[in-house]
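Q: have a look at this prediction, sequence included:
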Amino acid sequence: MKNITISMDEDLAHRARVAAARAGKSVSKYLAEATRERIEADERAAADQERNRQLEALERIFAGPKWNVTENGRMPTADERNARR
């Protein structure tokens, strides 16, 4: 366990002490848990943002121009697709 020193205004320190007491925890434990929750929420938000960025990229690809690969209303066979023209 690592000890750190933090600074905060008196009003915030008082509110933190009261909130920790209501939760039945020390101020140290209360702030550590609050910090952990905030960091995990930020990490989840960053992961969600990256996932959304990737989904938006895929949506742009799929929304692009359509290729008409049918020939006479049917899909070409493997030999027809791979034929050198």
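A: Cool, got the structure.
Q: tell me how far the lengthiest helix in the chain lies from the chain's centre.
A: When the chain is scanned for its longest helix (criterion: DSSP state H), the result is helix 27-62. Once both centres are worked out by CA atoms, centre = their mean, to the nearest Å, helix 27-62 turns out to sit 4 Å from its chain's centre.
Q: what about the chain, any weak spots by pLDDT?
A: 85 (pLDDT under 70).
Q: hmm, back to that, quick one: list the elements packing against the longest helix of the chain.
A: Contact analysis of helix 27-62 by 3 or more CB pairs under 8 Å, 6 or more residues apart in numbering; DSSP states H and E lists helix 10-23 as its packing neighbours. Every C-beta, even on glycine, is put in place using the N, C-alpha and C of the backbone.
Q: by contact count, what packs against the helix it packs on?
A: If you count contacts as 3+ CB pairs under 8 Å, 6+ apart, helix 10-23 packs onto helix 27-62.
Q: after the helix it packs on, next one along is what?
A: Moving toward the C-terminus from helix 27-62, the next helix or strand (DSSP states H and E) is helix 78-82.
Q: can you show me the CA trace of that next one as CSV?
A: What follows is helix 78-82, C-alpha atoms only, in CSV (Å, rounded to 0.1, in the frame of the first residue of the first chain):
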residue,chain,number,x,y,z
ALA,A,78,-15.3,-19.4,-58.5
ASP,A,79,-13.8,-20.1,-62.0
GLU,A,80,-15.6,-17.0,-63.4
ARG,A,81,-14.4,-14.8,-60.5
ASN,A,82,-10.8,-16.0,-60.8
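Q: how about the longest helix of the chain: buried residues?
A: Neighbour-count burial for helix 27-62, counted by 16 or more other CB atoms under 10 Å, picks out 30, 31.
Q: now do that helix against helix 10-23, angle only.
A: For helix 27-62 against helix 10-23, the angle by axes from the mean of the first three to the mean of the last three CA atoms, to 10 degrees is 90 degrees.
Q: neighbours of residue 80, how many?
A: Using other CB atoms under 10 Å, residue 80 has 10 neighbouring residues.
Q: quick check: it touching residue 72?
A: No: using CB atoms under 8 Å, residue 80 is not in contact with residue 72; the gap is 11.0 Å.
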